[in-house]
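Enquirer: Sequence and predicted structure are below.
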Amino acid sequence: MIDKKYFEIIQKYFPKVKESAIKLFNDGWDYNVYVVNSETAFRFPRKKDYAEKLPQEVDFLNKFRQLCPVPIPKLELHTDASLIFPFVIYPFIKGERFSRATAATFTREERLVIAAQLGKFLTKLHGLSLDMLPQRRTDKKFIITEWNTRLLDFKNTIFPLISLREQKWIEKLVLSFLDVVEKSNIRFCIIHADIAPEHIIINPKTHTLAGIIDFGDVEIGDPAYDFAFLGRYGKEFLDKVYET
């Protein structure tokens, strides 16, 4: 079901469009995405903090697109008097999410080609000047404060619902992570911060990488974060990404 207020906005750009020509993607945390005729995407933020990130995301992608070795979205920022928050419109990158089930249907060679492309993408992204993202800076102190706050939230909300053994396991895990952060010499850089299957788009016919999407969480942080999920495609895949 298409929200009436969004449908009316889409109609301003596509006056003759029918609801049947619009597909809704609303499984993400931050946005509702409507794709018109499988060609044009409208991304509407759900909350104020997501909307506040949009201008910088648009600015960053405009700069990075000329340098990026793989296709990424070309966002245009828009406002409408009927909406509280701004939104973006962009050409839809066609393809499928690179789920582990989908990856399993690819040959070893095809998977490694995609791994190499992801490696080139991350190498270029992580090598960018921090000045390209001036308002998203972080450091060790920020990470430690953020995770101590999360641990406190866990204790107040989750701990009363789980066993003492589970509580100790969670606390040990977080404190061990913070100890690693404290002792590590992290080289902070610009990261995507959400490299997951739904943001790695592949062409299901050619078994090639179609693009990387959703830079809403792009920030300055630990580059290791961008490799966190990739090991689920297998050690060989992860090694190929890392070595490229």
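Expert: Structure's in. What do you need?

Enquirer: can you pull the pLDDT of the nearest residue to Gly231 once chain neighbours are set aside?
Expert: What sits nearest to Gly231 in space, not counting adjacent residues and going by C-beta to C-beta, 6 or more residues apart in numbering, is Leu238, at 4.5 Å. Where C-beta positions appear, they are placed from N, C-alpha and C, glycine not excepted. As predicted, Leu238 sits at a pLDDT of 96.

Enquirer: tally of neighbours for Leu238?
Expert: Leu238 has 19 neighbours, counted by other C-beta atoms under 10 Å.

Enquirer: Quickly list what Ile191 is bridged to.
Expert: Here Ile191 sits in beta bridges with Glu219, going by DSSP bridges.

Enquirer: ok, how many other residues are close to it?
Expert: Ile191 has 25 nearby residues by other C-beta under 10 Å.

Enquirer: so who does it touch?
Expert: The neighbourhood of Ile191, defined by C-beta atoms under 8 Å, 6 or more residues apart in numbering, consists of 125-126, 218-223, 225-226.

Enquirer: residue ranges for the strands of this protein, please.
Expert: For the chain, strands defined by DSSP state E occupy the ranges 22-25, 31-36, 40-45, 76-78, 87-91, 96-97, 189-191, 200-203, 208-212, 219-221.

Enquirer: Identify the residue nearest the residue most central in space within the chain in space, chain neighbours excluded?
Expert: What sits nearest the mean C-alpha location of the chain, by C-alpha atoms, centre = their mean, is Asp194, with 3.6 Å. Distances taken as C-beta to C-beta, 6+ apart place Asp217 nearest to Asp194, at 4.6 Å, with adjacent residues excluded.

Enquirer: Likewise for Ile158?
Expert: Closest residue to Ile158 apart from its sequence neighbours, by C-beta to C-beta, 6+ apart: Ile170 at 7.5 Å.

Enquirer: phi, psi of the residue nearest to the centre of the chain?
Expert: Main-chain torsions, Asp194, degrees, to the nearest 10: phi -160, psi 50.

Enquirer: isn't it right up against Asp214?
Expert: Yes. Assessed by C-beta atoms under 8 Å, Asp194 is found in contact with Asp214 at 6.2 Å.

Enquirer: For this structure, which segments count as helices?
Expert: With DSSP state H as the criterion, the chain has helices at 4-13, 48-64, 100-103, 108-126, 140-157, 164-183, 235-243.

Enquirer: Format those as CSV; extra columns: distance to Pro204.
Expert: Listed next are the helices of the chain as CSV, based on distance: least, C-beta to C-beta, whole Å:
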stretch, distance to Pro204
helix 4-13, 27
helix 48-64, 25
helix 100-103, 7
helix 108-126, 11
helix 140-157, 37
helix 164-183, 37
helix 235-243, 18
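
Enquirer: and among these, the most buried is which?
Expert: helix 108-126 (a mean of 18; mean count of other C-beta atoms under 10 Å).

Enquirer: From the contact counts, what lies against the helix or strand bottoming out on mean pLDDT in the chain?
Expert: Ranking every helix and strand in the chain by mean pLDDT, DSSP states H and E puts strand 219-221 at the bottom, with a mean of 88. Applying 3 or more C-beta pairs under 8 Å, 6 or more residues apart in numbering; DSSP states H and E, we find strand 219-221 packed against strand 189-191.

Enquirer: if we go to 10 Å?
Expert: Applying 3 or more C-beta pairs under 10 Å, 6 or more residues apart in numbering; DSSP states H and E, we find strand 219-221 packed against helix 140-157, strand 189-191.

Enquirer: Minimum distance to Lys74: which of the ones you listed has it?
Expert: strand 189-191 (18.6 Å; C-beta to C-beta).

Enquirer: Show the average pLDDT along that closest one.
Expert: Strand 189-191 comes out with an average pLDDT of 94.

Enquirer: ditto for stretch 171-183
Expert: Here the average pLDDT along stretch 171-183 is 93.

Enquirer: contacts for it?
Expert: 140-141, 143-144, 147-148, 150-151, 154-155, 159, 186, 222 (C-beta atoms under 10 Å, 6 or more residues apart in numbering).
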